[in-house]
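In: quick one: sequence plus predicted model below, questions after.
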Amino acid sequence: MTGWRSLLLRRETGIAVMIVLFCLAVGAVKPQFLTLNSLRIILLLTPLILIGAMGQMLVIVARHVDLSIGSILGLTAMVAGMMFRYAPEVPWPLAFPLAIGLGAVLGLVNGALVTLFRLPAIIVTLGTLSLYRGMTFIISDAKQIDRQYVPSALKAMSQTSPVFGIPWIIFIAFGVALLTWWFAMHTRIGRQVFALGSNPVAAPLRGINVTRVTLTVFAISGALSGLAGIMYASRWGFVNPSNTGNGFEFQVIAAVVIGGVSINGGVGTVPGVVLGVLLLGCVSAALPLLGIPGTTQSAIYGAVILIALVIDRMVRMQGRTRGTQRAGA
Amino acid sequence: MLRKSTLIGLTAGLAMLAGAAMAEPLKIVYIGKNTGNPYFDSITGGFEDACKSLGCEFEFVAPATAEATSQIPFIEAQIQRGVNVIGIAPNSPDALNEVLASAREKGILVLTVNGDITGSEQYRDATILPVNFDIVGRDQVELVGSLIGYEGEIAILSATTEAPDQNKWIVGMNETLKSDPKYAKMKLVATVYGDDQPEKSTTEMEALLANFPNLKGVIAPTTVGIAAAAQVVQSRGLAETVKVTGLGLPSEMRDFIKDGTVTAFQLWSPYNEGWLAVHFAKGVLDGSIKNEVGGTFEVPNLGTITINPNNSINTQAELTTFDAKNIDEFNF
């Protein structure tokens, strides 16, 4: 009974139920939503957000936030794009270590400002959000990297598939999720992220190197944003200084919070965040199918996020009260 | 505050007087819709080349986002800088009225280039458009019709719901489909908006394919939309069944033309808009061109240009159609 109850109260169950109910409701109106093709569309909407959400989850668990990820995505994608354009003789797969490495450095800058000067992460990353976006404009001279310069093999990663017709970038994204799960559950520093987030005062007393943990989560967030930058070039075939990565942080933070990561730190699971990303993917794919005009879509998208959060909070509050009552009786 | 603005006005006035007296080179600025928009690189190229050949100073500026009011501070800054000509691709048909009026009070020639302030024409001196926008809808319908054999379901994938140029063309498409018996067997089943974002344009295109399994053609009269639609058709292997066309940039569409995803699409030469704007502005300011409806003037490489009603000037009479045969001749 307790096992059943704890499963019901798990955040993952709540989101999974919401996903199923949402898909059934849309499917009742538009049967074509419940097809394999829809699944393909939804999955193709998720890889970038999923990769970004893994880094953001760790940052938020450590009681910080990273608003600069969209700008890191844009800057790393632009650097990779410029390598494709101006140094076509360089083997294109080197764009991966280049973008990921640069992303890690940009993330470390965030982490260093947060730890060295004890500045709140929300302010630091708001600053670097502008700074990194501005640098993207400067290095690119505000010019787009067009489709013809992005290597075909990179673009093919979003189209061709190793198995089951599922493109490579989806495997990469879920691979990142798996690695993050392993990092969070089975490494010493991964556990320290959670310990720091649940009690920052006690963390140093328990021998946790707060600076090292903080730098690590920001570096991971930056590195994964860099990977997302390459994935963007693969998925869309171009890099634009103003559009690429713009608003990425909102989608990612929404997915992370829906996925059950507490904004107060210390709490969060990889499966929960994966489901949060999938729920947002379902909503994005369903709205145009239902013929809802673009002007209404963003309002509905926002409402769905809030409704998901409220339902979840109500279910858990009720569960907690009942639990207490039983304990009292 | 009042004193400060008087002072600024006085300084600007003095600067302009000084400029005129010393016969400094003409200062021309072009204010784009937003930065990082590859379309404007081509227009700017025309401005730059014409300024080089006529000896004037050119600058391109643009706000980060294409919002209605985001251009206002840029116009104000240029007025203070004392430019002689402001060319602008307006982000709003009426939000700029006041600031454009104050620019013209200072003697600045105001040209809308690549888009007009429809309904507020009294706030600019002339507009330079690539083609007469009345024909765009008609020509796009003819192009998609020729690709699908003038029969079957078609849909439109546009930019934002409020985009003035696209909305004008969509009205033209609807009228053409209704009035011309040639298109009687073509049925417009949906008009959707991808907001000029690749993600949103892609999900809208996927939804069109799911909702209308008999869809034969899609018109996307916007550069982001046509590329996104082409990518969807390419990855689904539907190039034979669903014909994607619309308005696109050759540089963004070259790959899709080469691999057969897209047979043909249209646009004009953005470069010529900048080229014409500079020649026109210089002529008007030195008195060699009279900015009057019905008047004509010569522009190198473009020939004789006529000033149409509403002081509207076009760089070309018809849209350019790009296909596998000619796509490599264009470098924008």
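Out: Received, thanks. Residues are numbered from 1 along each chain as shown, chains lettered A, B, ... in the order given.

In: neighbours of residue A:117, how many?
Out: Residues lying near residue A:117 (other Cβ atoms under 10 Å in any protein chain shown) number 8. C-beta here means a position set from N, CA and C on the backbone, and glycine is covered the same way.

In: swap that for residue B:187, sorry
Out: 15.

In: how about it: what's its closest non-neighbour residue?
Out: In this structure, residue B:187 finds its nearest non-sequential neighbour in residue B:153, 5.2 Å apart by Cβ to Cβ, 6 or more residues apart in numbering or on different chains.

In: from what I see, that neighbour and residue B:215 are in contact.
Out: Yes: taking contacts as Cβ atoms under 8 Å, residue B:153 lies within contact range of residue B:215: 5.2 Å.

In: residues that sit against both of those two, list them.
Out: Both residue B:153 and residue B:215 are in contact with residue B:189, where contact means Cβ atoms under 8 Å, 6 or more residues apart in numbering or on different chains.

In: got the residues of chain A near chain B?
Out: On the criterion Cβ under 8 Å from any Cβ of the partner chain, chain B has as its neighbours in chain A the residues A:30, A:32-33, A:35, A:37-38, A:41, A:45, A:137, A:140, A:142-144, A:146-148, A:158-159, A:236-238, A:240-243, A:284-285, A:287-289, A:291, A:293-295.

In: let's see it at 7 Å
Out: A:32, A:37, A:41, A:137, A:142-144, A:146-148, A:159, A:236-237, A:240-242, A:284-285, A:288-289, A:293-295 (Cβ under 7 Å from any Cβ of the partner chain).

In: what's the pLDDT at residue A:3?
Out: For residue A:3, the pLDDT comes out at 67.

In: same question for residue B:10.
Out: pLDDT for residue B:10: 55.

In: do the one 3 residues further on as well
Out: Listed pLDDT for residue B:13 reads 53.

In: looking at the residues of chain A next to chain B, which are in helices?
Out: Among those, the members found in helices (DSSP state H) are A:37, A:41, A:137, A:236, A:284-285, A:288-289, A:294-295.

In: looking at those, which is nearest residue A:174?
Out: residue A:41 (16.7 Å; Cβ to Cβ).

In: just to revisit the earlier point, in TSV, list the ones in helices among the residues of chain A next to chain B along with pLDDT.
Out: Formatted as TSV, those follow (pLDDT from 0 to 100):
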residue	pLDDT
A:37	87
A:41	89
A:137	94
A:236	93
A:284	91
A:285	93
A:288	92
A:289	92
A:294	74
A:295	73
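
In: list only buried entries from the residues of chain A next to chain B.
Out: A:41, A:137, A:142-144, A:146-148, A:159, A:236-237, A:240-242, A:284-285, A:288-289, A:294 (16 or more other Cβ atoms under 10 Å in any protein chain shown).

In: for residue B:324, which non-adjacent residue is closest in space?
Out: The nearest residue in space to residue B:324 (Cβ to Cβ, 6+ apart) is residue B:257, at 5.5 Å.

In: contacting residues for that neighbour?
Out: Shown in contact with residue B:257 (Cβ atoms under 7 Å, 6 or more residues apart in numbering or on different chains): B:322-324, B:327.

In: okay, now the unreliable bits of the chain?
Out: Just going to use chain A. Low-confidence segments of chain A (pLDDT under 70): A:1-5, A:7-9, A:319-329.

In: actually, chain B is the one I wanted.
Out: Along chain B, the parts satisfying pLDDT under 70 run over B:1-23.

In: which residues of it lie near chain A?
Out: So far as Cβ under 7 Å from any Cβ goes, chain B lies against chain A at B:34-36, B:38, B:41, B:64, B:161, B:192-193, B:195, B:198, B:203-204, B:206-207, B:210-211, B:231, B:235, B:251-252, B:254-255.

In: neighbours of residue 106, just the number please.
Out: As the question left the chain open, I've gone with chain A. Residue A:106 has 27 neighbouring residues, counting by other Cβ under 10 Å.

In: I was thinking of chain B, sorry if that wasn't clear
Out: Residue B:106, neighbours per other Cβ under 10 Å, totals 15.

In: spatially nearest residue to it, not counting backbone neighbours?
Out: Once flanking residues are discounted, residue B:106 sits nearest to residue B:79: 6.0 Å by Cβ to Cβ, 6+ apart.
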